[in-house]
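In: compute the structure for the input listed below.
(6 chains)
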Number of protein chains: 6
Amino acid sequence: MTRLSHLDETGAAHMVDVGGKGETERVAIAEGCVKMRPETLALIRAGNAAKGDVIGTARIAGIMAAKKTHDLIPLCHPLLLSKIAVDIEADEALPGLRVSATVKLMGKTGVEMEALTAVSVACLTIYDMAKAADKAMIIQDIRLLRKTGGKSGDWSADPINGN
Amino acid sequence: MTRLSHLDETGAAHMVDVGGKGETERVAIAEGCVKMRPETLALIRAGNAAKGDVIGTARIAGIMAAKKTHDLIPLCHPLLLSKIAVDIEADEALPGLRVSATVKLMGKTGVEMEALTAVSVACLTIYDMAKAADKAMIIQDIRLLRKTGGKSGDWSADPINGN
Amino acid sequence: MTRLSHLDETGAAHMVDVGGKGETERVAIAEGCVKMRPETLALIRAGNAAKGDVIGTARIAGIMAAKKTHDLIPLCHPLLLSKIAVDIEADEALPGLRVSATVKLMGKTGVEMEALTAVSVACLTIYDMAKAADKAMIIQDIRLLRKTGGKSGDWSADPINGN
Amino acid sequence: MTRLSHLDETGAAHMVDVGGKGETERVAIAEGCVKMRPETLALIRAGNAAKGDVIGTARIAGIMAAKKTHDLIPLCHPLLLSKIAVDIEADEALPGLRVSATVKLMGKTGVEMEALTAVSVACLTIYDMAKAADKAMIIQDIRLLRKTGGKSGDWSADPINGN
Amino acid sequence: MTRLSHLDETGAAHMVDVGGKGETERVAIAEGCVKMRPETLALIRAGNAAKGDVIGTARIAGIMAAKKTHDLIPLCHPLLLSKIAVDIEADEALPGLRVSATVKLMGKTGVEMEALTAVSVACLTIYDMAKAADKAMIIQDIRLLRKTGGKSGDWSADPINGN
Amino acid sequence: MTRLSHLDETGAAHMVDVGGKGETERVAIAEGCVKMRPETLALIRAGNAAKGDVIGTARIAGIMAAKKTHDLIPLCHPLLLSKIAVDIEADEALPGLRVSATVKLMGKTGVEMEALTAVSVACLTIYDMAKAADKAMIIQDIRLLRKTGGKSGDWSADPINGN
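Out: Numbering: from 1, shown residues only, chains lettered A, B, ... in the order given. Reported below is the predicted structural model:
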């Protein structure tokens, strides 16, 4: 049976040794969404029309959170991220906001967790800024979309529900 | 139209003034889950049988993250949380792990964001610790289940899909 | 001669005991500015017209920094800030951006340092976001404008240069 | 018109991609000052004569803050700083304290923000430690003095007011 | 058999609920020491004679660390510490430096961990600043000396080895 | 007389310049222990038998603290640690728990402080989780056991008391 790489032979947690790995360019893209009532989305978009603050604040929160990943996830390595971008778009069909994050690194470990953390915290920030209007929002479908680089090679997610 | 409480009259973001609010006991309960392949769940449970580290580590990560909420979510107030509990259970039907968090405070603002942040970071930690075996895991249905206390009163979520 | 309150009788630094102080509402307002070339200001304002990001990002950075004050300034107490607002306005006459911050607390110590820290980090963020265009920007005149509450009472700054 | 490097084509903030940049030695030197009444300066110097704590504490605060720059300024990259030095000197003519910081890195981005952050937080710490005696102190003229290394090459500030 | 208060009935870690506890003044005093060669102590004291930096830096590090206790120790509550003092004295008989920390709070939980954390980090800082001269230093006898306040009442340590 | 490397020629603290140092593999191993009453050890081991949380939580706390070393120890450089492992074992003869930490880096400075910090915070966490049962526990004999790599070469500690 495959072993979980974070557990040693006795099952105890440790931070995996990446000292021997070569430095390659790593990219990870993650996505997620916040589902809400149509009125809540309209409210955010109207606020956005005036000053852009819900989406702008969530984007900044996501970028800053990616840099804190190793401080949040116990067994993640500290990394010198070379790029972080967070995109947030309204989706009337959801209805809600779709968040994606792209993270790059020239280094020894992948940046999947950094991309997923950026998406998660951007979603939490959207919830925080709109919760006075709608406490029933749901954060959904946070997942890795694609990663490139590293010994395990490239990887892409299958579509969800035909998307 | 209702106004988003984090936006002032010009639409600029600010941290809401809670100085005039009374101190009452606030409780918030949030939940979420990580959906995975049955083999991945089996792997985590087997590791867990030996030393309990995936679930134990995710629980600690969730508790510590709740204390960092104001450092992650730009407009959240720093709070003196009086209790944080994170529960993680295997669900063969999902299949995956279900996470819930309960946060308490005697104070002036609600603790919804702290409970949601604890759940999100516990889910991210589960993903991190099992991603060598399964990159296609999805973090789903992170939402507030219930809150009590405060001027806006008690609130409970509707069931999802009849649950 | 007056003694500096952070130095004990031997001159060693310590965090002043505020346990015996009563809780009153404290407010502090601080200000500062970033002086730049007129073209740089035009560039920021044009960017601002499109998406508002320089000013919006600096505002968020100032708010988040106020919450970190006790982690930055060695002898500051951790505080439960109840309100933080940061305002940033263009001033063609400077030319540059003027930043002000208002911080409130119901507590035992003043919030002067929190307001000054919010202003400083908002100014640094403005510098960061515009430095590709203008490295010669100068951060100036960061000072306390007014404080109210607490045993030492209210205080207001004298105008600078007749302002 | 030149574009601000932190704004993408739609004006949204992102962390600039430095993955393709070469590693060179980068040095940045920044300065600033805290202007105060002559009696306040005398008080600090007398305390300093005994134990050196105001200046010593501000120096440590500045060094530690440089390491937190990427946690304070939203779009700064995390960096492996190889040297941080902060110097603080009394200037009777100001009157007040002059602060300068030198930061070095072998890496892909400049360290201007780290040097400016070190100066800003050292100045804030001086204010904090002397504010019981003098709330009217002003933090002034925080600016980059010089940078070397990197694709944009070397740069030096013009003198202020003939200094 | 007594139960460890951090483990619930199933043995899982949680942050103890202190919401129902009354606010009383809590004080905790902890101590520890760094044992070193006599030449190392002489070196520190000589450096200290000139500028006081080893001891001054360790004192600041201890004070700042006390404020981070809840961020370091997973199940500690965030607290509004009202006083932190760290004392460091040379002891020729050890030979080495003795560190003690006093922490105060008006609140619902004890501050033992904050005092012990301040002592530990002050000792680590002493090690760091003198390790170029002496890697064999040992950090010893970190313990709680006394606590007052709270439901469990006052407590004092027994002397070590007749001290 | 040897000079302390953190003090410059005037005795002021600074962060040593490591820019010119070559990157080599560095390893540091540190150890320490928490001495307690036999009943306390039995209590921890019984809890451990059920869910492993005292030891598991302390291990995670130690790993996370190693990553925060540069944020705790004023003159430590930020580092890209490639491995952190913390081991905790019961020792009936002590009686108590023995903690050791191994840290690895491919870089320019040693990782002694990271290993010592991991041990210290793991010991503090053990104290925290068992203090309801035993406030008289003592954290002892925290020291560097061995380091390899770097210009100063390899180093091993002498045994303590014939161990």
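
In: counting contacts, what elements does the helix or strand bottoming out on mean pLDDT in chain A pack onto?
Out: Within chain A, no helix or strand scores below helix A:38-50, which has a mean of 81 by mean pLDDT, DSSP states H and E. Contact here means 3 or more C-beta pairs under 8 Å, 6 or more residues apart in numbering or on different chains; DSSP states H and E; on that basis helix A:38-50 packs against helix A:53-67, strand A:83-91, strand A:96-107, helix A:112-130. C-beta: built from backbone N, CA, C; applies to glycine.

In: pull the CA atoms of it into CSV?
Out: The C-alpha trace of helix A:38-50 is given here as CSV (Å, rounded to 0.1, in the frame of the first residue of the first chain):
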residue,chain,number,x,y,z
PRO,A,38,-28.8,36.4,-6.2
GLU,A,39,-29.6,39.5,-4.1
THR,A,40,-26.3,39.1,-2.2
LEU,A,41,-24.4,38.9,-5.5
ALA,A,42,-26.2,42.0,-6.7
LEU,A,43,-25.2,43.8,-3.5
ILE,A,44,-21.5,42.9,-3.9
ARG,A,45,-21.5,43.9,-7.5
ALA,A,46,-23.2,47.2,-6.7
GLY,A,47,-20.6,47.9,-4.0
ASN,A,48,-18.0,46.8,-6.5
ALA,A,49,-19.3,49.2,-9.1
ALA,A,50,-18.8,52.1,-6.7
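
In: related to what we said a few turns ago, highest mean neighbour count out of the helices and strands packed on helix A:38-50?
Out: Scoring those by mean neighbour count under mean count of other C-beta atoms under 10 Å in any protein chain shown gives helix A:112-130 as the most buried, with a mean of 29.

In: beyond it, next helix or strand please.
Out: Using DSSP states H and E, the helix or strand that follows helix A:112-130 towards the C-terminus is strand A:138-148.

In: hmm, that following strand touching chain D?
Out: No. Judged by C-beta under 8 Å from any C-beta of the partner chain, strand A:138-148 and chain D are separated, with a smallest distance of 12.4 Å.

In: how about JSON lines for the helices and strands packed on helix A:38-50, with mean pLDDT and distance to chain C added?
Out: Shown next, in JSON lines, are the helices and strands packed on helix A:38-50 (pLDDT from 0 to 100; distance: least, C-beta to the nearest C-beta, whole Å):
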{"stretch": "helix A:53-67", "mean pLDDT": "95", "distance to chain C": "5"}
{"stretch": "strand A:83-91", "mean pLDDT": "95", "distance to chain C": "12"}
{"stretch": "strand A:96-107", "mean pLDDT": "96", "distance to chain C": "16"}
{"stretch": "helix A:112-130", "mean pLDDT": "97", "distance to chain C": "10"}
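
In: what are the contacting residues of the least confident helix or strand of chain A?
Out: Taking contacts as C-beta atoms under 8 Å, 6 or more residues apart in numbering or on different chains, the residues outside helix A:38-50 that touch it are A:53-55, A:90, A:92, A:95-97, A:126, A:129-130, A:133-134, A:137, B:1-2, B:4, B:7, B:10-11.

In: out of the helices and strands packed on helix A:38-50, nearest to chain D?
Out: Distance to chain D, taken as C-beta to the nearest C-beta, is lowest for strand A:83-91 among these, at 3.8 Å.

In: can that closest one be said to contact chain D?
Out: Yes. Against chain D, strand A:83-91 shows contacts by C-beta under 8 Å from any C-beta at A:Lys83, A:Ile84, A:Ala85, A:Val86, A:Asp87.

In: out of those, flag the one nearest to C:Asp154.
Out: Nearest to C:Asp154 among the residues of strand A:83-91 next to chain D, counting by C-beta to C-beta, is A:Val86 at 42.8 Å.

In: contacts only, for the closest one.
Out: Contacts for A:Val86 (C-beta under 8 Å, 6+ apart) come out as A:Ala58, A:Arg59, A:Gly62, A:Ile63, A:Val99, A:Ser100, A:Ala101, A:Ala118, A:Val119, A:Ala122, D:His14.

In: at 10 Å what do you get?
Out: A:Val86 makes contact with A:30, A:55, A:58-66, A:99-103, A:115, A:118-119, A:121-122, D:12-15, according to C-beta atoms under 10 Å, 6 or more residues apart in numbering or on different chains.

In: state the distance from it to A:Gly56.
Out: Here the distance between A:Val86 and A:Gly56 works out to 10 Å (C-beta to C-beta, to the nearest Å).

In: again with A:Asp91
Out: Using C-beta to C-beta, we find A:Asp91 at a distance of 18 Å from A:Gly56.

In: likewise A:Ser120?
Out: Distance of A:Ser120 to A:Gly56, given as C-beta to C-beta: 18 Å.

In: same check on A:Cys33?
Out: Distance from A:Cys33 to A:Gly56, counting by C-beta to C-beta: 18 Å.
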